[in-house]
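Q: Build me a model:
(2 chains)
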Amino acid sequence: VTRQLLTGNGAAAWAARLARVDYLPAFPITPQTEIIETLAAWIDKGEMPGKWLTLESEHSMIAAAGAAAATGVRVFTATSSQGLLYGMEMLYTVAGWRAPFVLVNVSRGLSAPITLEPDHNDILAARDSGFLQIHCATCQEVLDQTLMAFRLAEDERVRLPVIVNQDGFYLSFTREPVLLPEAQGAAAFVGDYPPGNTQFRASAPASQAVAVLGGSPYSYFRYEMHLAACNGLQVYDEVSAQFKAQFGRDYPVLEQYHCKDAEFVFVMLGCFATKAQAAVDQLRQAGWRIGVLRPRLLRPFPAEALRRVLLGKRAVAVIDQNLSMGKGGILYTELASELYGHRDAPLLVSFVGGLGGRDITQEEFFHMATTLREAAAQGVSPPPRLLYTADELREVRKLQAVAQVERQELKPR
Amino acid sequence: MSEVHFGRMKDLPSTHLLGTGTPMCAGCGGLQALHEIYDVLGEKTVFVNAAGCMTLLSVYPFTPFRGSWLYTAMACAPAGAQGIRDALDILLQQGRMPPDEDLQTVVLTGDGAAYGMGLSATSAAIERGLDFLYICYDNEGYGNTGQQYSGATPHGAATATSVASGGFAGYKKDLFAIWAAHRPTYVATVIGAEPLDLARKIDKAKQLKGPRLILALAPCPTGWGFDPQQTTEIGRLAVKSGVWPLKEYYEGKVLHTKAPHPRVPVEEYLQTQKRFAHLFEPQRNDTLIGEIQRRVDRYWEQAGN
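A: Predicted coordinates:
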């Protein structure tokens, strides 16, 4: 084991290297590009085996990734944001092929307006694709969870591709100390690629991904995918137990931070949950019984585990770094569906924040905690809140004023 | 290049590999070409398909192919072929698969994918030097959805989306030239109605490495409006009138493999199909017929024939 300062992107690249991937189809996009540059350099210098190539789009990249996995080799790829959406048709398609491979998504807000900084609308757009989803909060997790993702994808009870998500900039470009497993130990953990029954060979002709006629066979194969995705919960638990036994680091489906005795809980995805943890440290010093709950696995959805932690709490703030236009926070909706109808379900309060890299400040966490306490006291949830400060609004008004002045300036007189 | 296997009609394969009973329309010119192509290519192939009529060849649990098949999506069949080819090469290189298990990677798409949505993926596969064979069955429209016009539709053809008098206002895109401009290993036009010319080209392509692209005109009874029994006759007329030049691009040169002398007037070809009926009924449109004829004449003049 060596200890290195690695960015989230560096950690993802190391995971692909340690998993001994055979094939790396790629396409550059910010903030993911460092992953593929790092891997390309290693392969070009002969430091790692494997074939690397750039496709002309993410749509083609995901097609090539799925086709190679369906032919019987281990595949890794990565993208972000617009790239994930450009490849969306193929995300659904290759998941239906039951082609197991690992894709690291480096989250970034979606156009329009176009931006480079992160939120989770990109990854959540892939929510129903058939890819399983693991969400990371540290660079160490990016490395470890990517190694685990190969095991999860390739397990015969699952056989589905997996997306490992990390937040752009906050993880992708932030150096943290990361423990690098020895190559041999990582290889032993991940194992050889099991092609299963997906391969193309002259002696064993196969038709993959053929059309079906009618809803009956279609439903059958779609149900099979769903059930395989659900199997991912059990397989994830087994894989994480083995990972802990071998490497000593524990990754249960839910990360719980002071949840046990908490009356109030923040629920979040991704690395902004560490900001919530810092706020919880301060709130606890002020006498609050409050915690943070962070699902690592979003698909399959760890419903039972979430209920075990959250039933009996007084109030829960779901903080979504995404926005479903005309509906609101997506994680809030998902969580509500799992708690509905349970007698000791907590009050749920929806907050949306951190879009396009916007910070969520400690003061805002304190404010959300106060809102939770008031809601619990009154027994009523307030309407969903879109986090925004008066200062921010003033800054945007300034930008608008500049835009107005410039427009006047350009007007023909 | 090894010896020519197909000197005359008698040399064509007498056993046919592609199964029958597919859901293709009666008289499908694309299926005719595919039968002939498959007989030469053989079963050590994996067909990578894009959305189109032929997606319905393999409907669970049946397939007419003795070899393998992967359906991708409309835009990215060449990228699917890339993934398979690369994976097979990796397996061969690492000794994880014996060489006799290897397969020819074949892309099969219609003109909708080839001329339009899939052109970017095709261009990139050629530029990467992918070792594959691309077969486009070109029925000059989005046939599977009822023959709306595509980038392959000829000038003047009535389609489901060009019903006004005068038919399709655009001009058929020169995909052969676009492909050849990439300087791939091999490009050829073929037609099922000329099986010997087709077999020679497929045989040649089979023995080469790198990007090899085949454009097959596919007379389409339902889309073009003719009786299924006329498929071969209309195919021959397409060649004899000079509307469909049979040619190949190899080692930087374009060679016409069957230049018609003398050419029959294009109206003999046009008259056979309902999509051009408006050129003749209720009254003859000499202007448009003349324009179509002049474009064909100009092509052959420039080709030096």
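Q: going forward, measure contacts between C-alpha atoms and count neighbours the same way
A: Fine.
Q: could you point out which element follows the helix or strand hosting A:Q282?
A: When elements are assigned from DSSP states H and E, A:Q282 belongs to helix A:273-285. On the C-terminal side of helix A:273-285, the nearest following helix or strand under DSSP H and E is strand A:290-295.
Q: which helices and strands sit right next to that following strand?
A: Here strand A:290-295 is seen to pack against strand A:254-257, strand A:264-267, helix A:273-285 when contacts are counted using 3 or more C-alpha pairs under 8 Å, 6 or more residues apart in numbering or on different chains; DSSP states H and E.
Q: want to try JSON lines for those, with distance to chain B and mean neighbour count as columns?
A: Shown next, in JSON lines, are these (distance: least, C-alpha to the nearest C-alpha, whole Å; neighbours: other C-alpha atoms under 10 Å in any protein chain shown):
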{"stretch": "strand A:254-257", "distance to chain B": "35", "mean neighbour count": "18"}
{"stretch": "strand A:264-267", "distance to chain B": "38", "mean neighbour count": "26"}
{"stretch": "helix A:273-285", "distance to chain B": "38", "mean neighbour count": "18"}
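Q: Now tabulate these in a markdown table and tack on mean pLDDT.
A: Listed next are the helices and strands packed on strand A:290-295 as a markdown table, based on pLDDT from 0 to 100:
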| stretch | mean pLDDT |
| --- | --- |
| strand A:254-257 | 98 |
| strand A:264-267 | 98 |
| helix A:273-285 | 98 |
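Q: Please dump these into TSV; it should also carry distance to A:E409 for every row.
A: As requested, the helices and strands packed on strand A:290-295 are exported to TSV (distance: least, C-alpha to C-alpha, whole Å):
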stretch	distance to A:E409
strand A:254-257	54
strand A:264-267	48
helix A:273-285	43
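Q: Can you tell me how far A:A345 is from A:R296?
A: For A:A345, the distance to A:R296 (C-alpha to C-alpha, to the nearest Å) stands at 22 Å.
Q: what about those two, which has more around it?
A: Neighbours of A:A345 and A:R296, each counted by other C-alpha atoms under 10 Å in any protein chain shown, are more numerous for A:R296; the result is 25 against 19.
Q: if I pick the more buried one, what's in contact with it?
A: Each residue near A:R296 by C-alpha atoms under 8 Å, 6 or more residues apart in numbering or on different chains is listed here: A:134-136, A:252-255, A:269-270.
Q: same thing but 10 Å
A: A:R296 sits next to A:133-137, A:141, A:145, A:164-165, A:251-255, A:268-270, A:302 when contact means C-alpha atoms under 10 Å, 6 or more residues apart in numbering or on different chains.
Q: In strands only, show me those residues.
A: A:133-135, A:164-165, A:254-255 (DSSP state E).
Q: So which of the residues you listed is the closest to chain B?
A: For those, the minimum distance to chain B (C-alpha to the nearest C-alpha) is 21.4 Å, reached by A:V164.
Q: May I have the beta-bridge partners of the closest one?
A: Legend: beta-bridge partners of A:V164 under DSSP bridges are A:V104, A:I134.
Q: mind checking how far it is from A:S80?
A: 11 Å.
Q: Which neighbours do those two have in common?
A: Common contacts of A:V164 and A:S80 (C-alpha under 10 Å, 6+ apart): A:104-106, A:123.
Q: ok so, going back, does anything pack onto the helix holding A:Q282? Which helices or strands?
A: Packing partners of helix A:273-285 (3 or more C-alpha pairs under 10 Å, 6 or more residues apart in numbering or on different chains; DSSP states H and E): strand A:254-257, strand A:264-267, strand A:290-295, helix A:362-378.
Q: quick one: which of the ones you listed is nearest A:G96?
A: strand A:290-295 (25.0 Å; C-alpha to C-alpha).
Q: circling back: which of the shared contacts of A:V164 and A:S80 has the largest number of neighbours?
A: Using other C-alpha under 10 Å as the neighbour criterion, A:V106 leads those with 33 neighbours.
Q: looking at it, that residue is touching A:T77, isn't it?
A: No. Between A:V106 and A:T77 there is no contact under C-alpha atoms under 10 Å: 11.3 Å.
Q: so what's A:S60 closest to, chain neighbours aside?
A: The shortest distance from A:S60 to any non-neighbouring residue, by C-alpha to C-alpha, 6 or more residues apart in numbering or on different chains, is to B:A79 (5.1 Å).
Q: hmm, I was thinking of A:S381
A: Spatial nearest neighbour of A:S381, excluding adjacent residues (C-alpha to C-alpha, 6+ apart): A:A375 at 5.4 Å.
Q: That neighbour contacts A:L348, correct?
A: Yes. The criterion here is C-alpha under 10 Å, and A:A375 meets it with A:L348 at 9.0 Å.
Q: Now do the shared contacts for these two.
A: Residues touching both A:A375 and A:L348 by C-alpha under 10 Å, 6+ apart: A:314-316, A:381-382.
Q: Name only those of those that count as buried.
A: Among these, those classed as buried by 16 or more other C-alpha atoms under 10 Å in any protein chain shown are A:314-316, A:381.
Q: Just name the closest of those residues to chain B, please.
A: Chain B has its nearest neighbour among these in A:V316, at 42.8 Å by C-alpha to the nearest C-alpha.
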